[in-house]
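Novice: Just the structure for this:
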Amino acid sequence: MITEILNLVKAHEQWRGKECLNLIPSENVMSPAVRRLLSSELGHRYTARDRFYMGTRFIDEIEHYGEELAKNVFKAETADLRPLSGHIADLTFLASFARAGDVLMCVSEENGGYPGLGEHGLAGLLDLKVASFPFLKEKMNIDVKRAEEAIKRVKPKIVIFGASYILFPHPVRALAEIASENGACIGFDGSHVLGLIAGKHFQDPLREGVHALFGSTHKSFFGPQGGIILADKEHGEAVKEKIYPRFVDNAHWNRIAALTLALAEMKTFGRAYAEQVVRNSKVLARALHDYGFPVACPNLGFTQSHQVILDFGDYEHGRITAEKLQRANIIVDRVIRIGTCEVTRRGMKEAEMLKIAELIKRTVLDAENPEVIKKEVARLCSDFHKIGYCFEE
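Specialist: Reported below is the predicted structural model:
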């Protein structure tokens, strides 16, 4: 039994870690130092704000250091590293500022919004009514004029910007004031673009009018899997009063230590990393478009984020294409969204984006033998095993 478990992990690490082009936009790769902290002695321990547990002085200092780093990186008045996931961060925000029967306005799942916010997710759990932002699919963004009218008409209690399919900054500045005037608490689910926000290469929601920025710490942000909440003082302190023990008890302090080190890496290397991620996305999108793939938003320059979207029109076509690519060790999701955050962190730049586009084209359009492509993928990946944008060992 032990051998089987260890062999499965080893096989996965060899395949996904060394032989695959990992292009899923909701994944990234940690630095070796951050990974080591996940297996540190901290993983055995508890702490609590009420000082119930003894022996916590170093754990508490790490958490405080992490919060201060997060406030610095995101220029936030408050920070909380305790949410165990982006979903828990969403839940904490919603449950802190909404009551049953209130209206939540967000991007619909149909238009690329996060499914976990909708009627079958947290809104349903908390008995919230959902009003979707008017959306322009050809621009992959919120329709500002119609959204203004909808906010005045619906008067949502909660407005959340951000989405799972996000190519361009959302019009926060254009809509935050009118949302606030109509009584809304305003959030931004930055799960996908948190690393780009930290690296100053997307948008700055906290300066554009949102009360809180929250989400996952392992997508474009290159930390461990988990969540974070950043907010102004009023809303941040309200969250801190409620988060324990309603939403998080044991916050996994090894994760918080790892996230703290990732925040230090982002503070030092985040701007260069985010700039290269966006540059890589644009080059990859253009190359795929030139090969004839249906890349979304060509009239807008394709993307300003870590994502490139191939709009095949339906999930079934996307699923078939994703399975073809997987047979060649090119890993995407079935939308298809192609993410550049992990390959960027491994050191790939514009030249490699052109090679990746060629490999995708030969796999999907030319229907070459995937076994042949797989060998070329492995050779390409073999030159990019070292993680960049982090402190030297």
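
Novice: give me the element the most centrally placed residue in the chain is part of.
Specialist: When C-alpha atoms, centre = their mean is applied to the chain, the residue found nearest the centroid is residue 192 (2.4 Å). For residue 192, there is no enclosing helix or strand under DSSP states H and E.

Novice: Likewise for residue 309?
Specialist: Residue 309 belongs to strand 307-309 when assigned by DSSP H and E.

Novice: For that strand, which helices and strands make contact with it?
Specialist: Taking 3 or more C-beta pairs under 8 Å, 6 or more residues apart in numbering; DSSP states H and E as contact, the helices and strands that strand 307-309 lies on are helix 253-291, strand 337-339. C-beta here means a position set from N, CA and C on the backbone, and glycine is covered the same way.

Novice: Quick one, which of the ones you listed gets closest to residue 348.
Specialist: Evaluated over the helices and strands packed on strand 307-309, closeness to residue 348 peaks at helix 253-291, with 6.9 Å, by C-beta to C-beta.

Novice: Just the buried positions in the closest one, please.
Specialist: Within helix 253-291, the residues scored as buried using 16 or more other C-beta atoms under 10 Å are 253-266, 269-270, 273-274, 276-289, 291.

Novice: can I see the domain layout of the chain?
Specialist: Per the record, the chain has its domains at 33-263, 270-382, by automatic domain parsing.

Novice: Just send those back as a markdown table, with distance to residue 389 and mean pLDDT too.
Specialist: Converted to a markdown table, the domains of the chain look like this (distance: least, C-beta to C-beta, whole Å; pLDDT from 0 to 100):
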| stretch | distance to residue 389 | mean pLDDT |
| --- | --- | --- |
| domain 33-263 | 7 | 97 |
| domain 270-382 | 4 | 97 |
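
Novice: any chance of the ones you listed in a markdown table, with distance to residue 1 too?
Specialist: A markdown table is the format used below for those (distance: least, C-beta to C-beta, whole Å):
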| stretch | distance to residue 1 |
| --- | --- |
| domain 33-263 | 21 |
| domain 270-382 | 28 |
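
Novice: Figure out which of the ones you listed is closest to residue 22.
Specialist: Across the domains of the chain (criterion: C-beta to C-beta), the nearest stretch is domain 270-382, sitting at 4.8 Å.

Novice: how far does the closest one sit from the chain's center?
Specialist: Put simply, domain 270-382 sits 18 Å off its chain's centre (C-alpha atoms, centre = their mean, to the nearest Å).

Novice: I figured residue 297 hits residue 139, correct?
Specialist: Yes. With contacts defined as C-beta atoms under 8 Å, residue 297 counts as touching residue 139 at a distance of 6.7 Å.
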